[in-house]
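Peer 1: Build me a model:
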Amino acid sequence: MMNTKAMAISLLLSMGLSQGVQADLLGQLTGGGSAFPDLTGGDGEDEGISSDLEQAISEIEPNDTSQDATALTPGELHLGTFDSNSDLDWYQFQAIQAGATATIEIPAQGGGWRLTLQDRSGQVLARFPNEEDADRRFQVVLPQIGDFFLVAEPLQDAADYFFSVSGEGIVLPGTGTPDQDPVTSRRDEFLAKAQREKEPNNHIAAANPVDPGQPVSGQLFSLEDEDWYALRATQADTIVNVEMPAGPAQWQIALLDEAGNLLDARVSSTENELLYSSLLEKAGKFYLVVSGVEDSDSRDNYTFNVTGEGLENPEDRNLNANFHDAEIEFNDTLEEANSLTSAVRLVGQLRNSSDVDLYRLESPGDEILSIELCPGNAVCGDQFTEGSGPWVIYVFDGDRVTQSMLDAEIPLTVCSGDQPTQVFTNHMYLSLNVGMFDDALLGIIDPAFGVSRRVEVGLNDPGAYFLAVSSPLRRDEDGSVILKEEGTCGKDEEGNDVKIEEQKIIIEPFSDDQYEMQVVQTSLTPSITLDTITQTALREDNVSDVMHVPVVEVNGVEYSADLLRLEQNGEVMFELLNAEPIGTATAATDVESLKREAMRATLNGDNVHIPLVQFDGHYYSGDLRLIQDNDRTLFEVIQFKRLD
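Peer 2: Below you'll find the predicted structure:
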């Protein structure tokens, strides 16, 4: 699926996964920061990694915590045993040089387990799985001097395991003398041979292509400015090493994938070099984004360098015909809606208090859409206070929203010519509050509630989705946007004053300043055909027979179901073994339930869509077709994708 940044989805919690697996998958679905997914490193050399167990150093129990960690001897094979599926074995080594490269080697071996690399503070730096029939070798840059830990964790019914750690500057804990010499900044060296940025490069569509191993230098004109750079990974599971020398100011350097999902973000130092490694789980373009840091004058030239095996210059700016970095008027109707591109920061403006800006976004389905109004250091964020702000963003399902819905006029009672009468008025915020959008609205950023300017929406089906930006209305004390005022409206036949409750709306607050908006798509599970994953995974002889689907919605009721894998006429099929009702499906009311809704399997007609399921120790997303075979309920595999 995807990295970091990768969830708090209650569906995953119902799977009974380990906390580590939950954290990995959560990070992958939301595109979230600092979590690291399981790696699948490169194969070892042809001669293989030494697996002579007679020479291996055994773990010393107890080693269930960092305080009891077994000391690692660099370059030696280490052997351990899991006492149970919940056993954790801790190992410790020391780095005596900042920027030391640790090489972790895992000979081919059976059993499902992995290693997690942590620093002294408990921050997870990377994770490394074993492989049954291939040696694995990983290299990770250690950002500072000090103690590091490798934690061995079983993922299945694993028993014995073995691995080794080596590298220059890697020693037994407590045996080395750290290199405490002052760090000499490579800033001048980098600047002397740096490739200069080419402006404009302040968004993903105009990212500067750069060469791996070639230092880059640029400058930020303001705190709101940011500079984008692009490279390409030629293979999956590429480890990227980033170095940013100490300088006169601080900068943030963020790593993003091709869809704009944040994989990692670090802040440089004015005293020490910034060195770190991160993982690109998929081949393709990725981006490094340099931005300013509050309270630091970041207008000085920055410089950085990116290295790693399997990296290359993408050679061209990825200008996208579907890209706008500013709205194009007129975009007041669904038909005129501007197209949106993931991760592009867009600037728009409401020309008057009744103006509406509409945007169209195409989704492959099975993803989470993250919308942020006035993101980061955007100047328009200054116009928001608790319970007040001049812009509202609506997120609509393209199959359900209609132009007549947006143009609907709501009656209000007013006094006209000394006669009570009804007038009809159109405003999106009024339509929202009378329930006009209930069947089409997926999410909203409404400044009347709290200070959040961000919403995440789960998108199940592929197709078009629309975003609308409009102004809010003033609310009265009871929360209504229809303001009421007692008044006199003419005389009755007896000459008495006619008392009425006159109604009105007031557009407030309103701003004709520009707003900024950024939309990021996670693009979790693009469709793939049977000729890829299904043929190679679902047909394997070692595949377990039963697939458990924790939550599937059928006609408004949620069930848990068990499906039996079988092959019929050369095709992969599943037979329904049982389905237990677990409750009535309820509408999403917050971000967490939206995420759950996005991950819930659904039966629509004869098709079952499964966003996430664990099967034979791996995670999949796919589609099945319902087939009735006499007294049996069968499901034909349409498409499946392995996510881990």
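
Peer 1: right, and residue 336 touches residue 327 too?
Peer 2: No: Residue 336 is beyond contact range of residue 327, at 10.7 Å (criterion: Cβ atoms under 8 Å). Using the backbone N, CA and C atoms, a C-beta is placed for each residue, glycine as well.

Peer 1: who has more neighbours, these two?
Peer 2: More crowded of residue 336 and residue 327, by other Cβ atoms under 10 Å: residue 327, with 21 against 13.

Peer 1: wait, isn't the more buried one in contact with residue 346?
Peer 2: Yes: using Cβ under 8 Å, residue 327 is in contact with residue 346, at 6.7 Å.

Peer 1: if I look at the two, which residues touch both of them?
Peer 2: residue 359 (Cβ atoms under 8 Å, 6 or more residues apart in numbering).

Peer 1: residues in contact with residue 219?
Peer 2: Taking Cβ under 8 Å, 6+ apart as the criterion, residue 219 is in contact with 197, 299-302.

Peer 1: quick one: which of those is most hemmed in?
Peer 2: residue 302 (28 neighbours).

Peer 1: Now for that residue: which residues touch it?
Peer 2: Contacts of residue 302 (Cβ under 8 Å, 6+ apart): 217-220, 244, 247, 249, 251, 268, 290.

Peer 1: One more pass at 10 Å, please.
Peer 2: Contact analysis of residue 302 by Cβ atoms under 10 Å, 6 or more residues apart in numbering lists 187, 190-191, 194, 197, 216-220, 227, 244-245, 247-251, 253, 268, 290, 292.

Peer 1: go on, residue 245?
Peer 2: Going by Cβ under 10 Å, 6+ apart, residue 245 touches 183-191, 215, 268-269, 272-275, 302-305.

Peer 1: all helices for the chain, in order.
Peer 2: 10-13, 19-30, 187-192, 403-406, 428-433, 591-599 (DSSP state H).

Peer 1: ok now the third one, how far from the chain's centre?
Peer 2: If you compare the mean C-alpha spot of helix 187-192 with that of the full chain, they lie 34 Å apart, counting by Cα atoms, centre = their mean, to the nearest Å.

Peer 1: So which elements touch that helix?
Peer 2: The contact analysis (3 or more Cβ pairs under 10 Å, 6 or more residues apart in numbering; DSSP states H and E) places helix 187-192 against strand 216-218, strand 238-244, strand 302-307.

Peer 1: Those: which one's closest to residue 571?
Peer 2: Closest to residue 571 of the helices and strands packed on helix 187-192, according to Cβ to Cβ: strand 238-244, at 35.4 Å.

Peer 1: That closest one pairs with which strands?
Peer 2: If you go by DSSP bridges, strand 238-244 pairs up with strand 274-280 (antiparallel), strand 302-307 (antiparallel).

Peer 1: right, and the ones you listed - which one's nearest residue 579?
Peer 2: That would be, of the strands paired with strand 238-244 and by Cβ to Cβ, strand 274-280, which comes in at 38.2 Å.

Peer 1: Quick check: mean pLDDT of that closest one?
Peer 2: Strand 274-280 carries an average pLDDT of 81.

Peer 1: Go through that strand and flag the buried ones.
Peer 2: For strand 274-280, a neighbour-count test (16 or more other Cβ atoms under 10 Å) marks 274-280 as buried.

Peer 1: mind checking how far that strand is from the chain centre?
Peer 2: Computed by Cα atoms, centre = their mean, the separation of strand 274-280 from the middle of its chain amounts to 18 Å.

Peer 1: Repeat that for stretch 365-380.
Peer 2: 12 Å.

Peer 1: Can I get it as CSV, trimmed to CA atoms?
Peer 2: What follows is stretch 365-380 as a C-alpha-only set of coordinates in CSV (Å, rounded to 0.1, in the frame of the first residue of the first chain):
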residue,chain,number,x,y,z
GLY,A,365,-11.0,4.4,-5.7
ASP,A,366,-9.7,2.6,-2.6
GLU,A,367,-8.0,5.7,-1.2
ILE,A,368,-8.1,8.4,1.4
LEU,A,369,-8.4,12.0,0.2
SER,A,370,-6.8,14.6,2.4
ILE,A,371,-7.9,18.2,1.9
GLU,A,372,-6.3,21.1,3.7
LEU,A,373,-7.3,24.8,3.6
CYS,A,374,-4.5,27.3,4.0
PRO,A,375,-1.9,24.6,4.5
GLY,A,376,1.4,25.1,6.3
ASN,A,377,2.6,28.7,6.5
ALA,A,378,0.0,30.0,4.0
VAL,A,379,-0.9,33.6,4.7
CYS,A,380,-4.6,33.0,4.5
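
Peer 1: from the chain's centre, how far out does stretch 155-173 sit?
Peer 2: How far stretch 155-173 lies from its chain's middle: 30 Å, per Cα atoms, centre = their mean.

Peer 1: Stretch 609-625 now?
Peer 2: Taking mean C-alpha positions (Cα atoms, centre = their mean), stretch 609-625 and its chain are 19 Å apart.

Peer 1: Stretch 425-434 now?
Peer 2: The chain centroid and the centroid of stretch 425-434 are separated by 33 Å under Cα atoms, centre = their mean.

Peer 1: ok, now stretch 417-429?
Peer 2: With Cα atoms, centre = their mean, you get 45 Å for stretch 417-429.

Peer 1: cool, stretch 137-149 as well?
Peer 2: The chain centroid and the centroid of stretch 137-149 are separated by 25 Å, computed with Cα atoms, centre = their mean.

Peer 1: Between the two ends of it, what distance do you get?
Peer 2: 17 Å (Cα to Cα, to the nearest Å).

Peer 1: Likewise for stretch 424-441?
Peer 2: Across stretch 424-441, first to last residue, Cα to Cα, it's 23 Å.

Peer 1: so residue 129 makes contact with residue 152?
Peer 2: No: Residue 129 is not in contact with residue 152 according to Cβ atoms under 10 Å; the separation is 11.2 Å.

Peer 1: Tell me which of these two has more neighbours.
Peer 2: Counted by other Cβ under 10 Å, residue 129 and residue 152 do not tie: residue 152 has more neighbours, with 25 against 17.

Peer 1: What is the neighbour count of the residue nearest to that one when sequence neighbours are not counted?
Peer 2: Spatial nearest neighbour of residue 152, excluding adjacent residues (Cβ to Cβ, 6 or more residues apart in numbering): residue 89 at 4.3 Å. Neighbour count for residue 89, taken as other Cβ under 10 Å: 26.

Peer 1: I'd like the distance between residue 89 and residue 303.
Peer 2: 41 Å (Cβ to Cβ, to the nearest Å).
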